[in-house]
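**Student:** Sequence and predicted structure, then a few things I'm wondering about:
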Amino acid sequence: MSRFVDRVTIHATAGNGGHGCSSVHREKFKPLGGPDGGNGGNGGSVTLVVDPQVHTLLDFHFRPHASAQNGRPGAGSNRDGADGDDLILPVPDGTVVLDANGKIVADMVGAGTTYAAAAGGRGGLGNASLASRARKAPGFALLGEEGEVNELVLELKSVADVGLVGFPSAGKSSLVSVLSAAKPKIADYPFTTLVPNLGVVTAGSDIFTIADVPGLIPGASAGKGLGLEFLRHLERCAVLAHVVDCATLDPGRDPLSDIDALEAELAAYTPALSSDHGLTDLADRPRVVILNKIDVPDAADLAELVTAEVAERGWPVYAISAVSHAGLTELTYALAELVRRHRTENPPPVPRRAVIRPKAVDDTGFTVVPDPATPGGFIVRGTRPERWIKQTQFDNDEAVGYLADRLSRLGVEAELTKQGAVAGAPVTIGDVSFDWDPQVPSGEDVPIQGRGSDVRLDRPDRIGAADRKVARKARRHHADDFGSAPVDLGAEAFADAGMSDDGLSDDLHDDDR
Ligand SMILES: Nc1nc2c(ncn2[C@@H]2O[C@H](COP(=O)(O)OP(=O)(O)OP(=O)(O)O)[C@@H](O)[C@H]2O)c(=O)[nH]1
Ligand SMILES: [Mg+2]
């Protein structure tokens, strides 16, 4: 027997973005070929799509981890990395998606409805894309962003037109088996049906579906029997039909008390799908009472006796026998009529092609707040600063300089200064904490000037071209005279000077990836 799974937890992992590449073009007779590192590809996303061919969540039960492909890294010669493939997960019609806190985030009804379960990370820019007037040959590239990882709960709420409610062994499965082509298990012991079955019923030109759910007993709302677990499959049913066993020999049971007992259980059930999903309370759903087993003589008498009393409650009553098929035609057409009326009043939902989850409306802003855990420290929050941190290779000084420029351009530095941060104050952005090293001495308002006039270029420890010339001369002079031992103005000092390009503030290249 195939297993029926109607509630699973899945872990959707989107692909990471590929890293950008830092590379310099090399070609014979072209010593300064320029940056040519390509961009990383975007990571693939995980998307849920309603597929009418899928009827259970069983696949997710066996394979709860769903991962989309990572983006490929960029490469030299301006080759961009390929995007990772998206992962499309087919889910049954009527799947409800809940987040880890149990909040409904999507109600997927209608073939083709999609839900973005996890968004792929963006690829990092390569150094070719990062080149700008100020930073002509960037010696770094941006890292790819990590893909989202979301834990989601999927619940299947069958989409049936008529839901059968009744005590165990009332004949619900028998009724479904004679009305439709479905062949559920039927036996004379309680709780034969352990999982809901759906059947398709044809009545003239009308076609509707009927759901056979496991039997209920008094106390089900408190977990007795199989509990109310399966009532979620009735939440979407247009019509609820009580199947009453008129031939039961159980003491203390009769059709009316059976109906009352189950009505009390239904009232105790709080549907998870609220009215904004276009559904009314279970209590407001139209009811039909089906008095079953009238092929048994005593049952037929009893059915006749209670019919008037049930009808007094305003519910249509049908006396039938699933075994002898008595009264089935009338019942089928009556159900079809109720379903047709419900369908005209509630047109089917238009499939939602894309269910867009609410995202931060404005990702340009940021906030700076004092860090409660560290005196004198600050926390910077904002989509962009946090993303930039993730894109930065912290072991590359030039990349760190680029980050500092971006933060400064966004106004983070100015805000920190305004809030009284001093040099060396611990600043946290996302997962990274560092000691603040203001590019501009705090309190000083340096206007942006022309290239080459930035105060930071006047570093006293800088070695200018003139100094280098002197050093070279001195070295050559020594070499000529003594043939060995150059003066110690070499490698270390030049290594320092090589970084002079970092932190230029007239960088006009304002990419935002
Ligand atoms: N005489 C008679 N027996 C019936 C009729 N309908 C069902 N039965 C019998 O009642 C017993 C229970 O039938 P099921 O259809 O399995 O009942 P159910 O409501 O699905 O029961 P659960 O799945 O346990 O909740 C079986 O032995 C059926 O043969 C009927 O109209 N007449
Ligand atoms: Mg059954």
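**Tutor:** Perfect, I can see it now. Everything numeric in this text was worked out from a predicted model, so none of it was measured. Ligands and ions are numbered 1, 2, ... in the order given.

**Student:** which element is residue 154 on?
**Tutor:** Using DSSP states H and E, residue 154 sits within strand 149-156.

**Student:** Who are the packing partners of the helix or strand following that strand?
**Tutor:** The helix or strand immediately downstream of strand 149-156 is strand 162-166, counting by DSSP H and E. Counting contacts by 3 or more C-beta pairs under 8 Å, 6 or more residues apart in numbering; DSSP states H and E, strand 162-166 is packed against helix 172-179, strand 206-212, strand 239-245, helix 255-268, helix 328-345. C-beta here means a position set from N, CA and C on the backbone, and glycine is covered the same way.

**Student:** And the strand holding residue 154, what's buried?
**Tutor:** Neighbour counts using 16 or more other C-beta atoms under 10 Å place 150, 152-156 of strand 149-156 among the buried residues.

**Student:** Can you tell me which residues in the chain are near ligand 1?
**Tutor:** Residues of the chain lying close to ligand 1 by C-beta under 6 Å from any ligand atom are 166, 168-174, 186-188, 190-193, 214-215, 292-293, 295-296, 321-323.

**Student:** do you know how far residue 477 is from ligand 2?
**Tutor:** 103 Å (C-beta to the ion, to the nearest Å).

**Student:** Same list (the helices and strands packed on strand 162-166) but as TSV, adding mean pLDDT and mean neighbour count.
**Tutor:** As requested, these are exported to TSV (pLDDT from 0 to 100; neighbours: other C-beta atoms under 10 Å):
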stretch	mean pLDDT	mean neighbour count
helix 172-179	90	24
strand 206-212	86	21
strand 239-245	90	25
helix 255-268	85	17
helix 328-345	88	16
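
**Student:** Minimum distance to ligand 2: which of the ones you listed has it?
**Tutor:** helix 172-179 (3.1 Å; C-beta to the ion).

**Student:** Kindly export the closest one (C-alpha atoms) in CSV.
**Tutor:** Only the C-alpha atoms of helix 172-179 are listed here, as CSV (Å, rounded to 0.1, in the frame of the first residue of the first chain):
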residue,chain,number,x,y,z
LYS,A,172,-17.9,6.1,4.6
SER,A,173,-15.4,4.1,2.6
SER,A,174,-18.1,1.9,1.3
LEU,A,175,-20.0,4.9,0.0
VAL,A,176,-17.0,6.3,-1.7
SER,A,177,-16.3,3.0,-3.4
VAL,A,178,-19.9,2.8,-4.8
LEU,A,179,-20.1,6.4,-5.9
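
**Student:** that older thread, of all the buried residues of strand 149-156, which comes closest to residue 61?
**Tutor:** residue 154 (9.9 Å; C-beta to C-beta).

**Student:** Report pLDDT for the closest one.
**Tutor:** On pLDDT, residue 154 comes in at 88.

**Student:** Pretty sure it sits against residue 8.
**Tutor:** Yes. Using C-beta atoms under 8 Å, residue 154 is in contact with residue 8, at 5.3 Å.

**Student:** Show me the shaky parts of the stretch 101-250 of the chain.
**Tutor:** 159, 227-229 (pLDDT under 70).

**Student:** switch the cut-off to 90
**Tutor:** 101-117, 127-141, 153-161, 163, 165-172, 176, 179-240, 245-250 (pLDDT under 90).

**Student:** Show me which residues of it sit near ligand 2.
**Tutor:** 173, 192-193 (C-beta under 5 Å from the ion).

**Student:** could you redo the residues you listed as TSV and give each row distance to residue 203?
**Tutor:** What follows is those, written out as TSV (distance: C-beta to C-beta, whole Å):
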residue	distance to residue 203
173	20
192	26
193	23
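
**Student:** ranges for the helices of the stretch 351-500 of the chain?
**Tutor:** 383-391, 397-410, 412-418, 465-482, 491-498 (DSSP state H, counting those that start in this stretch).

**Student:** Out of the ones you listed, which gets the lowest mean score?
**Tutor:** helix 491-498 (a mean of 39).

**Student:** Give me the contact list for the strand holding residue 154.
**Tutor:** 5-14, 48, 56-57, 60, 91-92, 94-100, 102, 105, 117-118, 232-233, 272 (C-beta atoms under 8 Å, 6 or more residues apart in numbering).

**Student:** Paired strands for that strand, with orientation please.
**Tutor:** Here strand 149-156 is paired, per DSSP bridges, with strand 7-13 (antiparallel), strand 95-98 (antiparallel).

**Student:** Select from the residues of the chain next to ligand 1 every entry located in strands.
**Tutor:** Counting by DSSP state E, the part of those found in strands is 166, 292.

**Student:** Just the buried ones among the residues of the chain next to ligand 1, please.
**Tutor:** Here, 16+ other C-beta under 10 Å leaves 166, 168-174, 186, 192-193, 214-215, 292-293, 296, 321-322 buried among the residues of the chain next to ligand 1.

**Student:** List the contacts of the residue in the stretch 201-350 of the chain that ligand 1 sits nearest to.
**Tutor:** For the stretch 201-350 of the chain, the residue closest to ligand 1 is residue 215, as judged by C-beta to the nearest ligand atom, at 2.8 Å. Residue 215 is in contact with 166-170, 172, 190-191, 193, 225-226, counting by C-beta under 8 Å, 6+ apart.

**Student:** Nearest to residue 257 among these?
**Tutor:** residue 167 (10.6 Å).

**Student:** Who are the contact partners of the closest one?
**Tutor:** For residue 167, the contacting residues are 215-217, 244-245, 248, 253, 258, 262, by C-beta under 8 Å, 6+ apart.

**Student:** before we move on, what about residue 256?
**Tutor:** Contacts of residue 256 by C-beta under 8 Å, 6+ apart are 306, 309-310.
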